[in-house]
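>>> turn this into a model:
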Amino acid sequence: MALAALLLTSVVDASERKPLFRDHAPLKAVLTAPISQAYAQRKSNVRLYFPGQWSYIDENGETQRLQVSIRLRGNFRRQYCELPPLRLNFKKSEVKGTLFGGQDKLKLVAPCQHGLKSQQNLLLEYLAYRIYEVLTDKSFGTRLIRLSYVDSDKKLKSWTDLAFVIEDESDIGKRLGLDRANVAENRFEQLHQPTTALVELFQLMISNHDYSVLQGPPDEYCCHNSVMYVDESQPNERIPIPYDFDMSGLVNADYAAPPSHLPIRHVRTRYYRGLCQPTEVLYNAVNRVREKKVEILALFDLPELSRVSRNRNLTYIKRFYAILEDEALFREQVLDRCRGRDRLEQMTGPQVDGP
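Model prediction:
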């Protein structure tokens, strides 16, 4: 249990992250590249990198310029969105000594469409990442960017949007001393219970049903919107780290809908899909989430978030905390809905109510 406690309760040490992810102040940057050519490959299975330039304002107010190549990435959003997501590919030798030191390939998350609504959805997805980062350092780092797009082919008019980049999966492993677990699927007993319990409470908080800690899509590594890691000292315990929250109720994108097998009709309706956990493990995770309530609610003071979106989603998160703080609601919406109770009791014996 010593390792379990460490993994669950460790406090984020920002200095362990690479420079880009040690600060949450929004960056100002310009991407100049043949963006129209990249966007034209949205339906192609083979997508090329296109060379361009990335310039940004550093902490001294000076403009720094880096070479970058861009390529379309993603699955659903790549084909559905007017502004599909990109992957940025920097040259490691060129970024040394800069804010982007140590960066190679970065996922860039952009609004799905032009317009205020997609901008606000983008910010809410960014806040989902930030919430999980508050809960644990077993999380993806993010950095918000006010990004201007310049199509070097001049086929698209220049525009400026909010976007954010995500810490690379390999950097997480190096930072935490973990190895990527490239596996086809997980069994309940193979999952690190404290981390899994925290992940699934977080998914309930943001009402995200678009994930799995057990299986991934066909022909892809496990798991769906979750990356698996292992600690070499505990190779049989797989540690999930979640990502990709655009289908969550918190974001409430126009295209989001709950899975058809769930008895709910709206993505904002919370429905717990978590695995049943030993009582002590589950309540340790609950306590962790409750301890971070003030810090999580404070994230919604993000200046770029509209007043309407801020107030609406603060209320939404507070309703989640009401579930944790009401014994009857918690039993109804979490304990009575968890999956795999019989399997858990075969492993650990009958579970009692309460911590």
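>>> from Leu262, how far out is Pro303?
Counting by C-beta to C-beta, to the nearest Å, the gap from Pro303 to Leu262 is 35 Å. Using the backbone N, CA and C atoms, a C-beta is placed for each residue, glycine as well.
>>> quick one: which of the two has more around it?
Leu262 (12 against 6; other C-beta atoms under 10 Å).
>>> quick check: the more buried one is in a helix.
No: counting by DSSP: H, G, I helix; E, B strand; the rest coil, Leu262 is located in no helix; its state is coil.
>>> residue contacts, the nearest residue to Pro263 once chain neighbours are set aside?
With sequence-adjacent residues excluded and distances taken as C-beta to C-beta, 6 or more residues apart in numbering, Pro263 is closest to Tyr271, at 7.4 Å. Counting by C-beta atoms under 8 Å, 6 or more residues apart in numbering, Tyr271 touches 207, 209, 258, 262-264, 337.
>>> out of the residues you listed, who's nearest Glu189?
Comparing the contacts of Tyr271 against Glu189 with C-beta to C-beta picks out Arg337 as the nearest, at 20.7 Å.
>>> which residue packs closest to the closest one, ignoring adjacent ones?
Looking at Arg337 with C-beta to C-beta, 6+ apart, the closest residue is Tyr272, at 4.4 Å.
>>> check Leu72 too.
Among residues not flanking Leu72 along the chain, Arg47 sits closest, at 4.9 Å (C-beta to C-beta, 6+ apart).
>>> confidence score at the one you found?
As summarised for this prediction, Arg47 has a pLDDT of 94.
>>> can you map out the strands along the stretch 201-350 of the chain?
Secondary structure of the stretch 201-350 of the chain by DSSP state E, counting those that start in this stretch: the strands cover 226-231, 234-242.
>>> which one of those strands lies nearest to Ser139?
With C-beta to C-beta as the criterion, Ser139 lies closest to strand 234-242 of the strands of the stretch 201-350 of the chain, at 6.3 Å.
>>> for Lys105, which residues are in contact?
Residues near Lys105 by C-beta under 8 Å, 6+ apart: 87-90, 168.
>>> now with 7 Å, please.
Residues in contact with Lys105 (C-beta atoms under 7 Å, 6 or more residues apart in numbering) are 87-89, 168.
>>> ok, now which ones touch the most centrally placed residue in the chain?
Centroid check for the chain by C-alpha atoms, centre = their mean gives Tyr243 as the closest residue, at 3.1 Å. The contact partners of Tyr243, by C-beta under 7 Å, 6+ apart, come to 140, 225, 227.
>>> burial count for the closest residue to the last one other than its chain neighbours?
Spelled out, it's Val227. Excluding the flanking residues, the one nearest Val227 by C-beta to C-beta, 6+ apart is Ile241, at 5.0 Å. Residues near Ile241, counting by other C-beta under 10 Å, number 20.
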